[in-house]
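Q: next one to model:
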Amino acid sequence: NAQALTATANSTNYLDLQATATPAMSPAALKRDIGGGIDVPLLAQVVADFAGGTSVEVQIQVDDNSAFSSPKTVGSSGAIVVAKLKAGYKFPLPIIPFGADERYMRLRYVVVGTPTAGAVTAGIVPGIQTNG
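A: Residues are numbered from 1 along each chain as shown. Below is the predicted model:
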């Protein structure tokens, strides 16, 4: 969605994975971990060159409520220096990792310094092109 990033921010959208079901005759709801088992590709890509600032880190966070009052970080791109953040750059988040076990999921962009420009689009995708 071409989210402009000039300071640390949460993604403008989040994913609601819905409540887990309780199987018939079971005392508890099913457990969830969408990062376990089948790989779910996640792409965070720069769509407008970054200018200024020092680095940007993309974190994957989950929580049991949509306000993210107690978010748990389950994955991270690590800090990427701004010099690399040109349009087309893909943050190293190839899949949703193990531990994504709560109902809501979002990205958090941790910005170091004060960039004057830069934007990222992110989402779950069917696959990630890796050949250039």
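Q: distance check, the most centrally placed residue in the chain against residue 26.
A: The centroid of the chain falls nearest to residue 107 when counting by CA atoms, centre = their mean (3.3 Å). Residue 107 is 33 Å from residue 26, where distance means CB to CB, to the nearest Å. In short, each C-beta sits where N, CA and C put it, glycine included.
Q: ok, now residue 65?
A: Taking CB to CB, one finds residue 65 at 24 Å from residue 26.
Q: I'd say residue 51 and residue 116 touch.
A: Yes. Contact criterion CB atoms under 8 Å: residue 51 and residue 116 qualify, at 5.1 Å.
Q: between the two, who's got more neighbours?
A: Neighbour count, other CB atoms under 10 Å: between residue 51 and residue 116, residue 51 has more, with 12 against 9.
Q: so how far is residue 45 from that one?
A: According to CB to CB, residue 51 stands 17 Å off from residue 45.
Q: hang on, the earlier thing: just the CA atoms of the strand or helix carrying the residue nearest to the centre of the chain, as CSV, please.
A: Element membership for residue 107, per DSSP states H and E: strand 104-112. Only the C-alpha atoms of strand 104-112 are listed here, as CSV (Å, rounded to 0.1, in the frame of the first residue of the first chain):
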residue,chain,number,x,y,z
TYR,A,104,-3.8,-10.8,14.7
MET,A,105,-0.6,-10.1,12.7
ARG,A,106,1.0,-6.9,11.5
LEU,A,107,4.4,-5.5,10.5
ARG,A,108,6.3,-2.8,12.4
TYR,A,109,8.8,-0.6,10.7
VAL,A,110,11.6,0.4,13.0
VAL,A,111,13.3,3.5,11.5
VAL,A,112,16.6,4.8,12.8
